[in-house]
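1. coordinates only, sequence not included:
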């Protein structure tokens, strides 16, 4: 019985994940056509995705829950791209920082349209706003821990206040990625990576090198 229940639960999770992929693709197609997320009703999204309304409500209470789950999944993927930053250590060179920033920017690129929808929804949906704030706060905590470890181990600028520095870096990256990477072509992406690398290198690591 327990094995059967686990299989049933996994099957539901797989179906939900497959539906999320279809919903994400449908939302992105509609946004690419120039529509604002706030103007796209759930029926329009479901029609674009080819998902019956009754099936949608088996898995999601409403459009807000759907968007929060889509955002959460995107953040999990972006978190994997950010993790190498927090793993940098005393031997890190500027080239290592560049590699990490390049990975972060390019991981964000496929999620730009969805992130735009999240920012639109956060302006009026308190549950979306709460989730955005929660995940950003978690990123700030990760950055603060990295800065504090780097200061203890001597590879991060000891003059920096950890928490405010972490907050500035995370909010800067989050807004800049949303603002500049979303519509950038390849030369602009490369320039953004170089600019971000220099900002992070000079802020955190270069001063510790003397």
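-> Looks like it came in fine. None of the values given here were measured: they were computed from a predicted structure.

2. quick one: which helix or strand includes the residue nearest to the spatial centre of the chain?
-> Geometric centre of the chain, nearest residue: residue 75, 3.8 Å, by CA atoms, centre = their mean. Using DSSP states H and E, residue 75 sits within helix 63-86.

3. mind listing what the residue nearest to the centre of the chain touches?
-> Going by CB atoms under 8 Å, 6 or more residues apart in numbering, residue 75 touches residue 135. In this view, the C-beta of every residue, glycine as well, is placed from N, C-alpha and C.

4. Okay, buried residues for the biggest helix by length in the chain please.
-> Longest helix in the chain, counting residues (DSSP state H): helix 2-32. Neighbour counts over helix 2-32 (16 or more other CB atoms under 10 Å) mark 19, 20, 23, 24, 26, 27, 28, 30, 31 as buried.

5. Beyond that helix, next helix or strand please.
-> That would be, after helix 2-32 and using DSSP H and E, helix 42-49.

6. for that following helix, what is the average pLDDT?
-> In this model, helix 42-49 has a mean pLDDT of 92.

7. That helix to helix 2-32, inter-axis angle?
-> Here the directions of helix 42-49 and helix 2-32 differ by 100 degrees (axes from the mean of the first three to the mean of the last three CA atoms, to 10 degrees).

8. which helices and strands does helix 42-49 pack with?
-> With contacts defined as 3 or more CB pairs under 8 Å, 6 or more residues apart in numbering; DSSP states H and E, the packing partners of helix 42-49 are helix 2-32, helix 53-59, helix 63-86.

9. Nearest to residue 42, out of those helices?
-> Residue 42 lies closest to helix 63-86 among the helices and strands packed on helix 42-49, at 4.5 Å (CB to CB).

10. Buried residues of whichever helix or strand comes after the closest one, list them for me.
-> Note on helix 63-86: by DSSP H and E, the next helix or strand toward the C-terminus is helix 94-108. Residues of helix 94-108 classed as buried under the neighbour-count rule (16+ other CB under 10 Å) are 96, 97, 98, 99, 100, 101, 102, 103, 104, 105, 107, 108.

11. neighbouring contacts of the helix or strand where residue 164 lies?
-> Counting by DSSP H and E, the element that carries residue 164 is helix 162-176. Outside helix 162-176, the residues that touch it by CB under 8 Å, 6+ apart are 104, 136, 139-141, 143-144, 146-148, 151, 192, 196, 199-200, 203-204.
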